[in-house]
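Visitor: how would this look folded up:
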Amino acid sequence: MRQSYSYYRLVNFIKLVVVIDLFLIATFVTLLTSFNKNREDVIISHHDNMTRLSLISTCSFEADLRGPNQSVISFSLYGDLSDAAISIRYIQPLRALTSNISRIYPDWIVRIYHNFSTETGKELRKILDDSVNIDFCDVERILRLRNIRRTVFPMTWRFLPLLDPLVDRFMSRDTDSELILREIDAVRQWLNASDATFHAMRDHPWHCTTEILGGLWGAKVHQRRRDIGRVVEKLFQRSMPSFHGVDQLLLKFYVWPLAAKDSVIHDSYCCETFQFSLPFPTRRQDSSSFVGSVYTNQSLPSPECAP
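Guide: Modelled structure (predicted):
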């Protein structure tokens with residue numbers, strides 16, 4: 001009798017072990033299935049997000065609709081536009097500049113990166129020529145979408161097209177600069193007669209302080225999209241105090257190492273400081289005219305690097 005009881009207990013114990021094992025196996029399978037599903041959801045979500053970003057510009061919905069292969073001339077604009085001094089210094093020249101761009105570069109799009117309110121943005125649209133291909137880019141929205149620090153220096157906003165999958169060619173310019181024939185011919189030489197990815201211009205002694213001026217350079221982004229995207233992402237991640245010229249310091253640290261041996265550089269004063277430059281293809285129209293000049297009279301000494 002005692003033996004039968006022991007046997008009965010052993011059978012029950014084995015059954016219990018089997019049930020526990022089956023429960024553990026079922027739980028493990030459920031967890032594994034759930035993990036794989038969540039992992040798949042994460043992968044799909046990441047893929048969808050990357051696919052979505054690959055179709056979204058670093059500008060606006062209007063810019064998205066233009067599709068791929070865009071050529072962009074980019075500007076940063078910020079400050080109090082109700083200030084008469086700012087309007088005279090930046091808005092009025094920008095209106096003339098964008099009008100000239102539409103005539104000289106008809107296939108290019110102007111992008112204005114700004115942080116203005118909706119009402120101020122509407123006023124700006126009214127001021128600028130409606131016939132020009134202009135896209136207005138809300139920086140706060142873009143930085144949030146791209147997970148970029150909101151404290152980046154405003155003059156670097158104009159570099160955002162370099163992260164844009166829809167942009168193939170890019171030029172960065174200043175809102176208060178004139179567009180002169182000397183610059184136009186230099187750009188055409190870079191675009192049409194060179195395989196170089198990058199372009200930079202130095203046409204005044206003040207330009208000799210840095211390798212790349214924030215408003216006088218460009219890139220054929222499609223030729224080195226991955227490399228350019230990598231260094232520009234690092235540029236925007238770099239935390240630096242805001243001061244005049246910080247955009248050029250960032251270009252020196254991040255873009256110049258990539259561009260140094262893959263550039264057309266037009267230079268009229270700094271050839272002893274920076275080698276491998278070319279003379280500008282066009283002579284000066286007058287003694288005070290230079291690439292990057294603002295809409296005010298500025299003196300200009302004789303060139304040191306005249307061909």
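
Visitor: all contacts plus neighbour counts: C-alpha atoms, from now on.
Guide: OK.

Visitor: Can you list the low-confidence ranges for the chain?
Guide: 1-54, 129-131, 295-304, 306-307 (pLDDT under 70).

Visitor: Surely S76 is in contact with P161?
Guide: No: counting by Cα atoms under 8 Å, S76 stays clear of P161, with 11.7 Å between them.

Visitor: Look at the two and report which has more neighbours.
Guide: Neighbour tally, S76 and P161, criterion other Cα atoms under 10 Å: the higher count belongs to P161, 27 against 22.

Visitor: who's in contact with that one?
Guide: Taking Cα atoms under 8 Å, 6 or more residues apart in numbering as the contact definition, P161 lies against S57, T58, C59, V72, S74, V167, F170.

Visitor: from those residues, which would you call buried?
Guide: Buried subset of those (neighbour count, 16 or more other Cα atoms under 10 Å): S57, T58, C59, V72, S74, V167, F170.

Visitor: Looking at strand pairing, list the partners for the fifth one.
Guide: Which is S74. Assessed by DSSP bridges, S74 has beta-bridge partners R111, S172.

Visitor: mind listing the helices for the stretch 1-150 of the chain?
Guide: 2-54, 61-65, 84-86, 92-104, 118-127, 139-145 (DSSP state H, counting those that start in this stretch).

Visitor: what does the fourth one contact?
Guide: Contacts to helix 92-104, defined as Cα under 8 Å, 6+ apart, come from residues 108, 110, 127-129, 132-133, 175-179, 295.

Visitor: how far does that helix sit from the chain's center?
Guide: 22 Å (Cα atoms, centre = their mean, to the nearest Å).

Visitor: now it against helix 118-127, angle please.
Guide: Compare the direction of helix 92-104 with that of helix 118-127 by axes from the mean of the first three to the mean of the last three Cα atoms, to 10 degrees and you get 60 degrees.

Visitor: Can you point out the buried residues in helix 92-104?
Guide: Q92, P93, L94, R95, A96, L97, T98, S99, N100, I101, S102.

Visitor: how near is the fourth one to I112?
Guide: What it means is R95. Using Cα to Cα, to the nearest Å, we find R95 at a distance of 12 Å from I112.

Visitor: Tell me how many other residues surround V294.
Guide: Under the neighbour criterion other Cα under 10 Å, V294 is assigned a count of 18.

Visitor: just checking, P161 is part of a helix?
Guide: Yes: counting by DSSP: H, G, I helix; E, B strand; the rest coil, P161 is found in a helix.

Visitor: picking that back up, of all pairs in the buried residues of helix 92-104, which one is the farthest apart?
Guide: Q92 and S102 (16.0 Å; Cα to Cα).

Visitor: on that earlier part again, from the contacts of helix 92-104, which is closest to L216?
Guide: Nearest member of these to L216, counting by Cα to Cα, is S177, at 9.9 Å.

Visitor: you'd agree that closest one is up against S289?
Guide: No: between S177 and S289 there is no contact under Cα under 8 Å: 11.2 Å.

Visitor: Tell me where the stretch 151-300 of the chain has strands.
Guide: Assigned by DSSP state E, counting those that start in this stretch, the stretch 151-300 of the chain shows strands spanning 167-173, 198-202, 216-220, 263-267.

Visitor: out of these, deepest packed?
Guide: strand 198-202 (a mean of 27; mean count of other Cα atoms under 10 Å).

Visitor: residues making contact with that one?
Guide: Contacts for strand 198-202 (Cα under 8 Å, 6+ apart): 187, 190, 208, 212-213, 216-220, 259, 262-270, 291.

Visitor: Could you do stretch 255-266 as well?
Guide: With Cα under 8 Å, 6+ apart as the criterion, stretch 255-266 contacts 186, 190, 194, 196-203, 211-212, 227-228, 231-232, 276-280.

Visitor: again, only this time at 6 Å
Guide: Defining contact as Cα atoms under 6 Å, 6 or more residues apart in numbering, one finds that stretch 255-266 is touched by A196, T197, F198, H199, A200, M201, S277, L278, P279, F280.

Visitor: sorry, back to before: return the members of the contacts of helix 92-104 classed as buried.
Guide: Among the contacts of helix 92-104, those classed as buried by 16+ other Cα under 10 Å are W108, V110, L128, D129, V132, N133, T175, D176, S177, E178, L179.

Visitor: Could you check how far N192 is from R225?
Guide: Where R225 is concerned, N192 sits at a distance of 19 Å (Cα to Cα).

Visitor: Pick out whichever of these two has more residues nearby.
Guide: R225 (17 against 8).

Visitor: Quick check: the more buried one vs T156, distance?
Guide: From R225 across to T156, the span is 18 Å (Cα to Cα).

Visitor: Setting aside sequence neighbours, what's the nearest residue to the most centrally placed residue in the chain?
Guide: With the centre of the chain defined as its mean C-alpha position, the nearest residue by Cα atoms, centre = their mean is L160, 2.0 Å away. Nearest-residue entry for L160: T58, 6.3 Å, with adjacent residues in sequence omitted and distances by Cα to Cα, 6 or more residues apart in numbering.
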